[in-house]
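Student: coords please:
(chains A and B)
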Amino acid sequence: MHRVRAAGAVPAGLLAALTLAACGPSPVPTSSGRTTTAGGAAGTPGVSFSFTLPASAGYRQEPDQITESGATVRRWLLPLGVAGTGCVVLAAEQSDYQGSFPAVQLAAFGAARGPGSEVVRNEPLPPPSGAVAAIEQELRFVLRRSDRGTAPARLYARQYLTPGRTLISLNAAGPDDAAGRCRPEAVVASLLPTGREYTAPGGSAPSTGSVTGGTP
Amino acid sequence: MRAATGWSGGRRPVLPDAGPSAARYLVVLVGIGVTLATAGLSAPSLGAAVRGSVCSQRPGSCAPAAIPSVPVGSCRLLSHADPVTEDAVIFTDELGRSSRLSLSRTIDKFGIVHWFVRQDGGAGLGLEGRARKLLALGGGQVTEFDSELAAREYLLATAHQPVKQDLAAMDASGVLARVGDSVDGHRLDGRQPSAYFAQGGNGLDLAAQTQAAVAGPAAGDGLAGLAEVKIDQGSGRGGTTVYHWLTAAAGARFGLFPSGSTLGPTAPGLTLLSIRYDQDGNPERLTIEAAGSLPARLGPAARAEPDVMSGLLAGGPEVEPDRFTGRVVMTVGLTDRGLLELTADALHELGVPVLPDAGSLPAPPVAGTTPAAASTAVRRLYQALDDGAEGASVTVNTYQLRRAAGQRSAVALGLQGGLTVTGALPAADFYYSPGQGFVKWRECTG
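Tutor: Down below sits the predicted model:
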């Protein structure tokens, strides 16, 4: 199970950092649902990744979500006040991921997104330090609003797989006419290793990834 | 799988399935190759002796497939109606796995058994270009065979192929390349894979959730994870099918499983959603497959009811009769705009962020909404199924579990072809013909 350190809402105008840490050894889920490393060593360091949200945008952090598969999803919203639309940033980490990365992500993304959509980019990236594989994706789509109006919009994504098989995924999207404010492309492109090692706090067995929000 | 087939000049890693090492195989084959060439490669007894010699180099290396044969049972066709889709699957039974290869069989609606070999990795020769490129990044290929014998022969030949390839590369004279199959006794035919597949690992499809969330703040919590992606050859143009697990909450809102059920070994059931897209990305067909402990309204007792599917959402748990173990498969053609809109509405109501360019309900139900209150669009979809909408069908299978002494009965879910039943065979199938109700059309005895 992930160890999550909630940081609360990101204050407006401040830089938000999301740190994704992943440990090297393969995780072994125990019957209690907690996660430890194969060797059982506590405090094994991992590699941290972070991205930044534009300081002036005013993204608001929503409550964390733990999915049925145990993944942690964090989301930041920036309401635009037009028929419920907004810019959105979703970040997730999923430990002990056993899927065919990156083939399945590329195939699913490229399958279809509707007749008004166009896959602009859907390809592997040279993995950054701390990852063994990476992909980047971009989708142009038509946003259907609740008032029946439409607007062009874009989605950007990056996904990394760590040596410990933690899948890290960052997605950002928003209408084109709000791109200057929301800057979804820049948000996703900022997902990089921090150069810092991550060690699970308290000397306990390290999680295979944690999501933390905070200010620099 | 370069680790298994590559030759770097150093100590060669032991192959998982291919039997003796290439070096050891070479020593034996060089000697016997001359003998075989002399004998004209025409004496079966000599070939058998050679194989015995090779296989004795490593106990068990050339043993027959470890996947045991399991009788299918005899099936008797009672009656059936035509509107069911051609690819309706009665059940798929995964028979076993040997390293990168697995064998499964699928019985279709006509009682015909199809045999499949799945292989992690592989060359993908014959697959379309997109699938071949993806194969290099992960996933595997699946090949269909007409008979169990052909499928098992393919398993053995595939497992032995890396050694023979290495031997051929090491032999400048080319003799080993020519005699290798004869010596080995297993020839890999040039059959083309039927499809490329990639395991989803229950990974999140955040792109779909993110795209949906731009339109509204509460969208997209109905997908539990990505199950699989399959690219098939289709009619010369590869189509892509994306399989998603639904969350327990979405499954409950769909009326098939009790509210509050969760994924796991004690869950009453699981729901799998798949959409097939054509090469241009247009949705062609939606399939919702649910298996587990299903409402009895779907079972034999429902034949007298005029609105079977709609009835699933009518009553609460207090009036629910006994459930039964089985599977229901709902298929809806999406090339019809009306059905596409109807289906998209229902999925969005369930919180499933697919088909974003269709439907008129961009916002899913608020968390905590009762199934009855959230069932408007689902009810319309069910009514279309009851009314016999063209391009829509429902198939229900019931399963009678068999158990060996001391073993627990179990129903397990798989992906290739749908449901994998472990240690069980279908006892009776009920085909729900839209507009006609249930038709008991096949009976199997084991």
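Student: Can you pull the phi/psi pair for the residue nearest to residue B:297 when sequence neighbours are not counted?
Tutor: With CB to CB, 6 or more residues apart in numbering or on different chains as the criterion, residue B:297 has its nearest non-adjacent residue at 5.1 Å, and that residue is residue B:311. For every residue, glycine as well, the C-beta is placed using N, CA and C. Dihedral angles phi and psi of residue B:311 (degrees, to the nearest 10) take the values phi -70, psi -20.
Student: now do residue B:357
Tutor: Main-chain dihedrals, residue B:357, degrees, to the nearest 10: phi -90, psi 10.
Student: roughly how far apart are it and residue B:208?
Tutor: Here the criterion is CB to CB, to the nearest Å. By it, residue B:357 lies 12 Å from residue B:208.
Student: and what of residue A:61?
Tutor: Counting by CB to CB, the gap between residue A:61 and residue B:208 amounts to 21 Å.
Student: Could you check which of these two is surrounded by more residues?
Tutor: Neighbour tally, residue A:61 and residue B:208, criterion other CB atoms under 10 Å in any protein chain shown: the higher count belongs to residue B:208, 25 against 20.
Student: Grab the nearest non-local neighbour of the more buried one.
Tutor: In space, residue B:208 comes closest to residue B:353 once its chain neighbours are excluded; the distance is 4.4 Å by CB to CB, 6+ apart.
Student: Surely the one you found and residue B:222 touch.
Tutor: Yes. Checked against CB atoms under 8 Å, the pair residue B:353 and residue B:222 is within contact range at 7.2 Å.
Student: so what's the residue in chain B positioned nearest to chain A up against?
Tutor: Closest approach of chain B to chain A (CB to the nearest CB) occurs at residue B:201, with a separation of 2.4 Å. Taking CB atoms under 8 Å, 6 or more residues apart in numbering or on different chains as the criterion, residue B:201 is in contact with A:97, A:98, A:99, A:100, A:101, A:104, A:167, B:225, B:226.
Student: Check residue B:250 too.
Tutor: Residues near residue B:250 by CB under 8 Å, 6+ apart: B:221, B:222, B:223, B:271, B:350, B:351, B:352.
Student: That one - that's part of a strand, no?
Tutor: No. The secondary structure assignment for residue B:250 gives helix rather than a strand, going by DSSP: H, G, I helix; E, B strand; the rest coil.
Student: Apart from its neighbours in sequence, what residue is nearest it?
Tutor: The nearest residue in space to residue B:250 (CB to CB, 6+ apart) is residue B:222, at 3.7 Å.
Student: What ranges does chain A have for its strands?
Tutor: Using DSSP state E, the strands found in chain A span residues A:17-23, A:27-29, A:35-37, A:46-52, A:60-61, A:65-66, A:72-79, A:86-94, A:118-125, A:133-144, A:150-161, A:167-175, A:192-198, A:211-214.
Student: Which of those strands comes out lowest on mean pLDDT?
Tutor: The stretch with the lowest average pLDDT out of the strands of chain A is strand A:35-37, scoring a mean of 23.
Student: farthest-separated two in the contacts of residue B:250?
Tutor: Considering CB to CB, no two members of the contacts of residue B:250 lie farther apart than B:221 and B:271, which are separated by 14.3 Å.
Student: Neighbour count: these two, which is higher?
Tutor: For residue B:221 against residue B:271, the residue with the higher neighbour count under other CB under 10 Å is residue B:271, and the figures read 25 against 21.
Student: anything in the helix or strand that one falls within near chain A?
Tutor: Assigned by DSSP states H and E, residue B:271 falls within strand B:269-277. Yes. Using CB under 8 Å from any CB of the partner chain, strand B:269-277 comes into contact with chain A via B:275, B:277.
Student: Can you name every helix or strand that that strand contacts?
Tutor: On a contact count with 3 or more CB pairs under 8 Å, 6 or more residues apart in numbering or on different chains; DSSP states H and E, strand B:269-277 meets strand B:239-246, helix B:248-253, strand B:283-294.
Student: will you turn those into CSV that also has mean pLDDT?
Tutor: CSV is the format used below for the helices and strands packed on strand B:269-277 (pLDDT from 0 to 100):
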stretch, mean pLDDT
strand B:239-246, 90
helix B:248-253, 83
strand B:283-294, 86
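Student: what does the model give residue 6 for pLDDT?
Tutor: Here I'm looking at chain A. At residue A:6, the predicted lDDT confidence score is 26.
Student: Chain B is the one I meant
Tutor: Note on residue B:6: pLDDT of 25.
Student: Closest residue of chain A to chain B?
Tutor: residue A:99 (2.4 Å).
Student: just checking, what's the longest helix in chain B?
Tutor: If you go by DSSP state H, chain B has its longest helix at helix B:148-170.
Student: CA atoms of that one as CSV?
Tutor: The C-alpha coordinates for helix B:148-170 follow below in CSV (Å, rounded to 0.1, in the frame of the first residue of the first chain):
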residue,chain,number,x,y,z
GLU,B,148,-5.6,-29.3,-30.5
LEU,B,149,-2.9,-31.4,-32.2
ALA,B,150,-1.8,-28.5,-34.4
ALA,B,151,-1.8,-26.1,-31.4
ARG,B,152,0.3,-28.5,-29.3
GLU,B,153,2.7,-29.1,-32.2
TYR,B,154,3.1,-25.3,-32.5
LEU,B,155,3.9,-25.1,-28.8
LEU,B,156,6.7,-27.6,-29.1
ALA,B,157,8.1,-26.2,-32.3
THR,B,158,8.1,-22.7,-31.0
ALA,B,159,9.8,-23.8,-27.9
HIS,B,160,12.5,-25.5,-29.8
GLN,B,161,13.0,-22.9,-32.5
PRO,B,162,15.6,-20.7,-30.7
VAL,B,163,18.0,-23.5,-30.4
LYS,B,164,17.6,-24.4,-34.0
GLN,B,165,18.1,-20.8,-35.1
ASP,B,166,21.3,-20.6,-33.1
LEU,B,167,22.6,-23.8,-34.6
ALA,B,168,21.9,-22.7,-38.1
ALA,B,169,23.7,-19.4,-37.4
MET,B,170,26.7,-21.4,-36.1
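Student: rewinding a little: now intersect the contacts of residue B:250 with the strands, please.
Tutor: Among the contacts of residue B:250, the members falling in strands are B:223, B:271 (criterion: DSSP E).
Student: Filter the contacts of residue B:250 down to the buried ones.
Tutor: In terms of neighbour count (16 or more other CB atoms under 10 Å in any protein chain shown), the buried residues within the contacts of residue B:250 are B:221, B:222, B:223, B:271, B:350, B:351, B:352.
Student: which of those lies closest to residue B:106?
Tutor: Sorting those by distance to residue B:106 puts residue B:271 at the head of the list, at 20.2 Å, by CB to CB.
Student: Next one: that closest one, what pLDDT does it get?
Tutor: According to the per-residue confidence, residue B:271 scores 87 in pLDDT.
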